[in-house]
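Asker: Model the structure of this input:
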Amino acid sequence: MQVVILSKRGWHADELCRALNARGHTGCVLPYEALIARMSAGATRSSGLSCDETALLEADAVLARFIPAGSLEQIIYRVDALHWIEDHGVPVINSPRAIERSVDKFFADARLREAGLPTPETFVGERVEDAMAAARRMLDRRVPGEGEPAIVIKPIFGSMGHGIVRIADPDVAFRVLQALDRTRPVFYIQHVVDSGNRDVRAFVVGGRVVGAIERSAARGDWRTNVSRGGTARPFELPAEWTSLALRAAAAIGADYAGVDLLPSRDGTVFVLEVNGIPGWQGLQRATGMDVAGTIVDYVADRVRSPRLGAAVAT
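Answerer: Presented below is the predicted three-dimensional model:
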């Protein structure tokens, strides 16, 4: 295969190139910023989409990895380019539709709830007075067996725990929300599930869970992200948890995904997030599995049998 990896350079892109080369394939890492669309009059060969002079519509597959920050126009253009590639019959993994669903916390949460999956209580809205009322309701609600109630305020777009604020005091919530209101945000507020500062990341590839880790927050922190100092250990998923992870990935339509499961102290397991551009450094270190190789093998299957993609294209 000739596979294009749209991404910035780094460990994950290097791992994918290693796995491709080890299997006799060719991979090249290209930046989204170099995307060029040419549309000439009539159906001529001068029309098409390229990146650093590589014709993307002639690739066997495109792995859509890290999408860099940019203006609204730049982000829309990059995702539209992925749609164009897919429309020309080139498998894009993950698909632009799955990426759109997963990077938007509101859209992802709505899809998960529509699929009947348990997610934490959530408020999304634009008016600061509505957000404050929701924050007060959540902070006033006591759950038997759990500690003091708390909320998290998250950016609707974001990853790796950046920009998340945990609050247990209504006065602090008021000050934070008032400050955020100056940036014209969409407020995204969730009730904190008491999980003992741990969660489980299940890694789904092609409709099966290929591995899972339990992540614990670093001392003095509550975020479990390995990139923020959290620790990870291998975890054997119970059958019910496996079903939740597979249903969550299918609800987003992801070929591969990191599904974050949050076990509460009362035994309920919530689906917290589905990451459509997941990292796997922590999973690989904890389990020793060749995650990039598993992804590449799936890509090869998709190229040989395009209908495999229908299993996740919901």
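
Asker: Who are the packing partners of the host helix or strand of Cys17?
Answerer: Assigned by DSSP states H and E, Cys17 belongs to helix 11-22. Helix 11-22 is packed against strand 2-6, strand 26-30, helix 291-304, with contacts defined by 3 or more Cβ pairs under 8 Å, 6 or more residues apart in numbering; DSSP states H and E. From N, CA and C alone the C-beta is placed, and that goes for glycine too.

Asker: Go through that helix and flag the buried ones.
Answerer: Within helix 11-22, the residues that qualify as buried are 12-13, 15-17, 19-20, counting by 16 or more other Cβ atoms under 10 Å.

Asker: Run the angle between it and helix 291-304 for me.
Answerer: Taking axes from the mean of the first three to the mean of the last three Cα atoms, to 10 degrees, one finds helix 11-22 and helix 291-304 inclined to each other by 60 degrees.

Asker: now helix 11-22, how far from the centre of its chain.
Answerer: 20 Å (Cα atoms, centre = their mean, to the nearest Å).

Asker: Not counting it itself, show me its contacts.
Answerer: By Cβ atoms under 8 Å, 6 or more residues apart in numbering, the residues outside helix 11-22 that reach it are 1, 3, 5, 7, 26-29, 63, 65-66, 279-281, 290-293, 295-296.

Asker: can I assume Val200 sits in a strand?
Answerer: Yes. Assessed with DSSP: H, G, I helix; E, B strand; the rest coil, Val200 lies in a strand.

Asker: Just the pLDDT for it.
Answerer: Reported pLDDT at Val200 in the predicted model: 95.

Asker: Give the full set of residues in contact with it.
Answerer: Contacts of Val200 (Cβ under 8 Å, 6+ apart): 212-215, 235, 237, 241, 260-263.

Asker: 6 Å - rerun?
Answerer: Going by Cβ atoms under 6 Å, 6 or more residues apart in numbering, Val200 touches 212, 214, 235, 261.

Asker: Please flag which of these sit within strands.
Answerer: 212, 214, 261 (DSSP state E).

Asker: Tell me where the stretch 101-250 of the chain is predicted with low confidence.
Answerer: 143-147, 158-162, 218, 220-229 (pLDDT under 70).

Asker: Repeat the analysis, applying 90 as the threshold.
Answerer: Scanning the stretch 101-250 of the chain for pLDDT under 90 picks out 141-149, 156-164, 193-199, 215-232.

Asker: How much space separates Asp104 from Val62?
Answerer: Distance from Asp104 to Val62, counting by Cβ to Cβ, to the nearest Å: 21 Å.

Asker: With Val172 instead?
Answerer: For Val172, the distance to Val62 - Cβ to Cβ - is 45 Å.

Asker: Look at these two and report which has more neighbours.
Answerer: Val62 (23 against 14; other Cβ atoms under 10 Å).

Asker: Pro173 is in contact with Val165, isn't it?
Answerer: For the record, residue 173 is Ala, not Pro. No. At 9.0 Å, Ala173 does not count as touching Val165 under the criterion of Cβ atoms under 6 Å.

Asker: And the two? Which one has more around it.
Answerer: Ranked by neighbour count (other Cβ under 10 Å), Ala173 and Val165 place Ala173 first, with 23 against 15.

Asker: Just the element for the more buried one, please.
Answerer: helix 170-181.

Asker: Tell me the buried residues in stretch 126-141?
Answerer: 128, 131-132, 134-135, 138-139.
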